[in-house]
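In: Output the structure for:
(4 chains, ligands or ions: 4)
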Amino acid sequence: MHIAEGFLPPLHAAGWTVAAAPFVVHGVVRLNRQLRENPEAKLLVGASGAFCFVLSALKIPSVTGSCSHPTGTGLGAILFRPPVMTVLGTITLLFQALLLAHGGLTTLGANAFSMAVVGPWAGYGAYALVRRLGGGLLVAVFAGAFVADLVTYCVTSAQLALAFPDPASGFTGALTKFGAIFAVTQIPLAVSEGLLTVLVVRLLRSTSAAELIRLRVLKEGQVAS
Amino acid sequence: MLAIDAAAYRSPWRRRHPAAKAVLAGALLLCALLLPPWPGAPVTAAITLAVALGWARVPPRAFLRSARAPLAFVVTGSLTFLVSVNASGLAWAPGGAARAGEVIGRCVAAVLAQLLFAMTTPLADVLPRVARRRGLSGLAEVAGLVYRMLSVVLETVEAVRRAQADRLGTLSWGARWRSVTGLAAQVFVLSFDRARRLEDGLSDRGYTGSLAVSVEPLPLSGRFLALAPLPGLAAAGLTLALTSASAVT
Amino acid sequence: MTAVLAADRLSYSYPGAPPVFSELSLEVTQGTSLAVLGPNGGGKTTLLRLLCGGLRPMAGTVLLRGRPLSYGRVALAEFRTQVQFVHQDPDDQLFAATVRQDVSFGPLNLGLPPEAAAARVTSALEDMEILPLADQPTHLLSFGQRKRVAIAGALALRPVVLILDEPTAGLDPAGTEALLTTLERLRAGGTTIIVSTHDVDFAHRWADDAAIIARGTLHAGPADTLLTDSALLRGASLRPAWGPAVGRVLRALGGLPAAAPDPRSPEEVLALEPEPRP
Amino acid sequence: MTAVLAADRLSYSYPGAPPVFSELSLEVTQGTSLAVLGPNGGGKTTLLRLLCGGLRPMAGTVLLRGRPLSYGRVALAEFRTQVQFVHQDPDDQLFAATVRQDVSFGPLNLGLPPEAAAARVTSALEDMEILPLADQPTHLLSFGQRKRVAIAGALALRPVVLILDEPTAGLDPAGTEALLTTLERLRAGGTTIIVSTHDVDFAHRWADDAAIIARGTLHAGPADTLLTDSALLRGASLRPAWGPAVGRVLRALGGLPAAAPDPRSPEEVLALEPEPRP
Ligand SMILES: Nc1ncnc2c1ncn2[C@@H]1O[C@H](COP(=O)(O)OP(=O)(O)OP(=O)(O)O)[C@@H](O)[C@H]1O
Ligand SMILES: Nc1ncnc2c1ncn2[C@@H]1O[C@H](COP(=O)(O)OP(=O)(O)OP(=O)(O)O)[C@@H](O)[C@H]1O
Ligand SMILES: [Mg+2]
Ligand SMILES: [Mg+2]
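Out: Ligands and ions are numbered 1, 2, ... in the order given. Got it, this is the predicted structure:
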């Protein structure tokens, strides 16, 4: 669910752009440094961006029978780390706005804040935490993808609630309403995205172990596990 | 292929400088966002529609079809304005319909302005121009690569999806899950394989880190640039005139 | 001699593009082999995808044993158990980690119990002579091997009609030869086979019937007749086959009996060389 | 008659795989055309990539006009202005959004000023007859058109040697014919051209010399001799060309003068049909 062009009042749109900007700049600086050290990586980063875009365009069958799109932010953050994912996510959002009319240009900041900043960091945090606690790779991947998906939508709901507080109960009331419409229907989808991501990583572990090792998702010798 | 992208390449405005088109669509977008929604939104939407279909000759069906997805979000989101949450539960919100109407109006105008730019300006004309800005060149080159690989990868995704359907991959819930995981994993494998092959291919063409290309010269026509802000100014002027007229009566 | 698969006045166009063809009809007889030829962009792939139910025509019907195909999910699934399509690029079809997993995709989707599915996989791999590769990862196979796996994936559904898009593209002559033998064997087992190709010699060698599609029109008929029609072939950016041309000239020169078939390969031509007189 | 490009006892193996070949030598004469043939996986692509400096041999040297190639960055860049390689799949080499942008990549890398680069682009697009496509997005072009853009990208560097990996793969006969004419014209302009292919008939029609690479060994020689050697060809999973086989039998039957060249196409064979006696 990308916030459409024009949905946010101008001040909010500007505010979220300012909020997302430091993270995007941080990501770009990191990316530029990586590319200076290793110019060949440019093509890999390009491919990763295409992967993120396509991932978010897949349709996953949800538990309820309907179909929806995964956010892809959890998998992206696990594979490419949050700073790079912030850049790739922002590029993806820009392309979605210009090529698919999903999301807008003035709402790019707000969408980037939820999908390219908070989602990846939260998802990566959950993933890293589970791994730190000794959880298996697949458990951690599920946690990462589930949290990233859910948190993304919670942030979107909060953004909408801030922009459109309830006339009677203000921000909390509005958060409940938007939460009810977006985030709660999103729980089965977050479960689905978690499952999908686990299955994908499991498949990748057998077909693309070398890539996963280079991306430091797997360590040498973990391949068979 | 992506309908908006394809329309942008066929646009009669293809040879216009992207900056001029940005001025034109940007002015309309500002009108949509900043003018009072009534009568600003319908006035801006009408003028944008007239410019898009009449002047820029955007194909009407693709134009309206592309607007559908964002407007679905807008309508769903606006439904919440109709009700209000208080201590005793849900109630109809006073003035909720008017508020929903305002937001929907503003979004329609804004989405049309955004589409006007997107459907007349190919990313191919924008990205390399951004790449010449200092500090943004790495980012823009990466974005350009994403753009190029996107078309190759999307084509393959479409082919894989079809191949799965041919082998009954959409028949049951389990089959759909097997299909989509296989597809996502295949996209990963494929994107990275693409990157490796493109790296080989480009190094054979002398690639050592820079992807600089020369950009088609698009003349910045003074006349078009002078005309570009007019639709936005007209929307603003007309809205102000209508507002003051209704204030007088 | 009823048609097992037929197209009745099909029209198709991609969104935002002029029609690829309109009102195109074709009949495929049970147990025969059909080669579809045409220039790049002529519409071969489009026609084959219509015939396998993968695209839905704007107008016209596809008929399986005379029964029109409806595009409901169940009807389409039922149709696909009988008509299977093999893509030109095997990488479009192979997405599982190993050969066995990949080939089992179709049978599992059918809802077969695991043992029955496994049996189907084994027999399909045997048919394609790649049983020893069963547990190899698909991405380490050579192009020709991947092509065989893709065909096995279709065969595992035991189709009545097998449709292959440019199966010889990218194969060397020996690989083409091996594929030809396999297709021949499948056909001997009763499968109807439809193949698209640019290779007129391959088509002439292998196919009973031919269909030439170019600029929206289709000419169908016995391969022998169609693939010797220079004007028709040239109109479709194709060139005549060597075999019939050589056969004709050799017969006129007395190097080949009037009733003998055309030579099918350069080796057969060399075998016709008269003994040098001592 | 010195070699413009030569391979001297090259050995190559991919990491973790047995050697593709070892101690392989080859000489390419200035201004000639060379066809490299072999089975799938025979090592054609590997050899061509070694010749263009894209792979570094484990042992042996690549020589340009007798000077060994060193793999330093500057030396390699200098080498590539003279030897250009066009991949089999155009999508491996096209990265920019429009045709003109893409073709300008090489000239700009050379450090040419924008106007000089633009002139090179225009002339390369003219050479490939795709100037009208200059501002089209690469991703909306057909396969054959993308292939031409990839070749134009190489030509824009004005190479002395142009190497193409399976340029006819995926093209219909008319497209192959057009490409042949283009290669012929480039060669008439003095460019040395090396092409890999599975198509013995194409090779026989077009090439001065042939190199057949299979199971680690290479046989090189005049195309006329090599491509009629059935045993050698069969050993490389290839089949003999039609032209020479037909020519031989027709000469023996008196249908072709002893001094006449072999027919190069089925049309040329048909032209040899004797007038039916009234
Ligand atoms: N997905 C698509 N979207 C739009 N147009 C398409 C699509 N696929 C094919 N076309 C167009 O439809 C026409 C027929 O294409 P098709 O792929 O059927 O030809 P073909 O005979 O298989 O060609 P080839 O020999 O190159 O495989 C072409 O003009 C092509 O550009
Ligand atoms: N990147 C690679 N890594 C490992 N092995 C490779 C790689 N590329 C090729 N090979 C192997 O090297 C051998 C030669 O391959 P090459 O691609 O040169 O053959 P080819 O003659 O071009 O075949 P084709 O006709 O299929 O294009 C094959 O056995 C192949 O499997
Ligand atoms: Mg095709
Ligand atoms: Mg090769």
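In: Pull the contacting residues for the most centrally placed residue in chain A.
Out: Chain A has A:Thr73 as the residue nearest its centroid, 2.2 Å off, counting by Cα atoms, centre = their mean. Applying Cβ atoms under 8 Å, 6 or more residues apart in numbering or on different chains to A:Thr73 gives the contacts A:85, A:89, A:115-116, A:119-120, A:123, A:148-149, A:152. C-beta here means a position set from N, CA and C on the backbone, and glycine is covered the same way.
In: what's the helix or strand for the spatially most central residue of chain C?
Out: Central residue check for chain C by Cα atoms, centre = their mean: the C-alpha nearest the mean position is that of C:Val195, 1.6 Å away. Taking DSSP states H and E as the definition, one finds C:Val195 inside strand C:192-197.
In: For ligand 2, what's the nearest residue on chain C?
Out: Of all residues in chain C, C:Phe143 sits closest to ligand 2, with a separation of 5.3 Å (Cβ to the nearest ligand atom).
In: show me where pLDDT drops low in the chain?
Out: Unless you meant another one, I'm taking chain A. A:62-67, A:182-184, A:221-225 (pLDDT under 70).
In: switch to chain C, that's the one I care about
Out: Along chain C, the model assigns pLDDT under 70 to residues C:1, C:276-278.
In: Now do the strands in it.
Out: Taking DSSP state E to define them, one finds strands in chain C at C:3-12, C:21-29, C:33-37, C:59-64, C:67-68, C:83-86, C:161-165, C:192-197, C:209-214, C:217-222.
In: Output those strands in JSON lines; the columns should cover distance to chain A.
Out: Compiled in JSON lines, these are given as follows (distance: least, Cβ to the nearest Cβ, whole Å):
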{"stretch": "strand C:3-12", "distance to chain A": "24"}
{"stretch": "strand C:21-29", "distance to chain A": "30"}
{"stretch": "strand C:33-37", "distance to chain A": "31"}
{"stretch": "strand C:59-64", "distance to chain A": "26"}
{"stretch": "strand C:67-68", "distance to chain A": "29"}
{"stretch": "strand C:83-86", "distance to chain A": "22"}
{"stretch": "strand C:161-165", "distance to chain A": "23"}
{"stretch": "strand C:192-197", "distance to chain A": "28"}
{"stretch": "strand C:209-214", "distance to chain A": "32"}
{"stretch": "strand C:217-222", "distance to chain A": "35"}
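In: Give the bridge partners for the nearest residue to C:Val86 once chain neighbours are set aside, please.
Out: Here the nearest residue to C:Val86 in space, its sequence neighbours aside, is C:Leu164; by Cβ to Cβ, 6 or more residues apart in numbering or on different chains that works out to 4.5 Å. On the basis of DSSP bridges, C:Leu164 is bridged to C:Val86, C:Val195.
In: quick one: contacts for C:Leu164?
Out: Each residue near C:Leu164 by Cβ under 8 Å, 6+ apart is listed here: C:85-86, C:151, C:183, C:193-196.
In: With B:Arg133 instead?
Out: B:Ala140.
In: how about it, secondary structure?
Out: coil (DSSP: H, G, I helix; E, B strand; the rest coil).
In: And for B:Tyr207?
Out: What three-state DSSP gives for B:Tyr207 is coil.
In: Surely it and D:Ala96 touch.
Out: No - applying Cβ atoms under 8 Å, one finds B:Tyr207 not in contact with D:Ala96, separated by 11.9 Å.
In: out of the two, which sits in the more crowded spot?
Out: Under the criterion of other Cβ atoms under 10 Å in any protein chain shown, the comparison of B:Tyr207 against D:Ala96 puts D:Ala96 first, with 27 against 23.
In: Buried among the contacts of A:Thr73? Make that a PyMOL selection.
Out: Typed into PyMOL, the line below selects the buried ones among the contacts of A:Thr73, using 16 or more other Cβ atoms under 10 Å in any protein chain shown:
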select buried, chain A and resi 85+89+115+116+119+120+123+148+149+152
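In: And for the closest residue to B:Pro59 other than its chain neighbours, the neighbour number?
Out: Nearest non-adjacent residue to B:Pro59, counting by Cβ to Cβ, 6+ apart: B:Ala7, 5.9 Å away. Residues contacting B:Ala7 under the criterion other Cβ under 10 Å number 20.
In: Now do the contacts for B:Ala7.
Out: Counting by Cβ under 8 Å, 6+ apart, B:Ala7 makes contact with B:58-59, B:62-63, B:119.
In: B:Ala131 too?
Out: If a contact means Cβ under 8 Å, 6+ apart, then B:Ala131 has B:137, B:140-141, B:144, B:212 as its contacts.
In: Among the residues you listed, which one sits closest to chain A?
Out: Sorting the contacts of B:Ala131 by how near they are to chain A, with Cβ to the nearest Cβ, puts B:Glu141 at the top with 6.5 Å.
In: Quick check, the closest one in contact with B:Gly209.
Out: No - under the criterion of Cβ under 8 Å, B:Glu141 lies out of contact with B:Gly209, with a separation of 9.9 Å.
In: With neighbour numbers in mind, choose between the two.
Out: For B:Glu141 and B:Gly209, the more surrounded residue by other Cβ under 10 Å is B:Glu141, and the numbers stand at 24 against 12.
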